[in-house]
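Novice: here is my input; please provide its structure:
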Amino acid sequence: MTDHSQHSNTYLLTAGETDAEGRMPLTLVTERIIEVASEHANLMGIGYDALITHNVGWVLSRVSIEMMSYPEINSYYTLTTWIESYNRRFSERNFVMTDSSGRVLGYMRTVWVAMDFVTRTGVDLSAMFDKPFATADLPCPIAKAPRVAPLPEDAAAEQYTFKYRDLDFNRHVNTVRYLDLILNHWSLEHYDVYEPRRFDIMFHHECHYGDTVDLRVCRDEATGASLCEIVRDGTRCIVASIQWKKL
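Specialist: Numbering: from 1, shown residues only. All right, here's what the predicted structure looks like:
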């Protein structure tokens with residue numbers, strides 16, 4: 001019997017995929033997380049094909065990325081994923097990224113919920129599958145996503161209206177587009193000096209085409225982290241936290 005308790009994929013980081021510093025951007029890390037998770041779910045028989053017949057699909061609820069270093073142009077890297085645990089409401093899936101010599105570059109934690117695309121609500125996973133998911137007891141030595149309190153009223157704010165290219169096939173805003181909006185808040189000069197060491201993002205409410213949102217950002221004086229929230233008509237849709245490392 002094939003062991004599907006974990007799944008890996010190896011990639012070459014091409015020049016066209018890098019950021020202005022010549023390294024793998026957080027947006028691509030997130031794209032690869034979704035890609036490898038989708039491949040693994042399909043191999044396990046719990047992926048898109050198995051769920052869409054019920055008008056259900058996996059949706060990211062939380063992502064935590066902690067990078068010791070990022071792949072650089074023309075380097076190979078491997079992303080490995082496994083399910084740590086699951087219950088009726090959600091699945092906790094972890095990742096490790098390594099370079100071509102096996103050195104760990106970073107770890108990622110994610111939480112996924114199965115969403116009914118008609119009602120736009122979560123479904124009971126135990127009612128969807130009659131066999132247990134394969135899990136793996138592998139190390140993922142990073143903390144789970146922290147709680148981020150509402151930002152102060154005087155937090156810096158900028159507006160953005162979501163457009164066609166911000167959407168995915170579910171016709172809500174693509175996960176990576178939220179990261180684009182958040183990361184574009186800082187200047188090129190900032191990224192010449194700092195890179196994200198730890199990035200956490202939590203998804204509370206969907207955004208759609210034509211929604212105008214406020215990106216609000218402030219500095220956590222206790223930790224030095226940048227705290228972010230995307231707000232639509234007073235509703236907190238997305239919350240994020242970034243810890244920076246000086247280059």
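Novice: tell me how many other residues surround Ser100.
Specialist: Neighbourhood size, Ser100 [other Cβ atoms under 10 Å]: 12. Any C-beta I mention is one placed from the backbone N, CA and C, and that applies to glycine too.
Novice: residue contacts, the residue nearest to it when sequence neighbours are not counted?
Specialist: Spatial nearest neighbour of Ser100, chain neighbours left out: Tyr76 (4.4 Å); criterion: Cβ to Cβ, 6 or more residues apart in numbering. Contacts for Tyr76 (Cβ atoms under 8 Å, 6 or more residues apart in numbering) come out as 10-13, 99-100.
Novice: Val96 versus Tyr76, what's the distance?
Specialist: From Tyr76 over to Val96 the distance is 15 Å, taken as Cβ to Cβ, to the nearest Å.
Novice: picking up where we left off before, need the buried ones from the contacts of Tyr76 selected in PyMOL.
Specialist: Remark: buried members of the contacts of Tyr76, expressed as a PyMOL selection using 16 or more other Cβ atoms under 10 Å:
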select buried, resi 11+13
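Novice: mind checking which of the contacts of Tyr76 are in strands?
Specialist: Here DSSP state E is the test, and the contacts of Tyr76 give 10-12, 99 as lying in strands.
Novice: let's have these in JSON lines, adding distance to Glu92 and pLDDT.
Specialist: Conversion of the ones in strands among the contacts of Tyr76 to JSON lines gives the following (distance: Cβ to Cβ, whole Å; pLDDT from 0 to 100):
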{"residue": "Thr10", "distance to Glu92": "24", "pLDDT": "98"}
{"residue": "Tyr11", "distance to Glu92": "24", "pLDDT": "98"}
{"residue": "Leu12", "distance to Glu92": "29", "pLDDT": "98"}
{"residue": "Asp99", "distance to Glu92": "25", "pLDDT": "98"}
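Novice: just put the contacts of Tyr76 in JSON lines and tack on distance to Thr235.
Specialist: Output for the contacts of Tyr76, formatted as JSON lines (distance: Cβ to Cβ, whole Å):
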{"residue": "Thr10", "distance to Thr235": "41"}
{"residue": "Tyr11", "distance to Thr235": "37"}
{"residue": "Leu12", "distance to Thr235": "41"}
{"residue": "Leu13", "distance to Thr235": "37"}
{"residue": "Asp99", "distance to Thr235": "41"}
{"residue": "Ser100", "distance to Thr235": "44"}
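Novice: and of the contacts of Tyr76, the nearest to Trp82?
Specialist: Nearest to Trp82 among the contacts of Tyr76: Thr10, at 16.3 Å, using Cβ to Cβ.
Novice: residues in contact with the closest one?
Specialist: Thr10 neighbours (Cβ under 8 Å, 6+ apart): 76-78.
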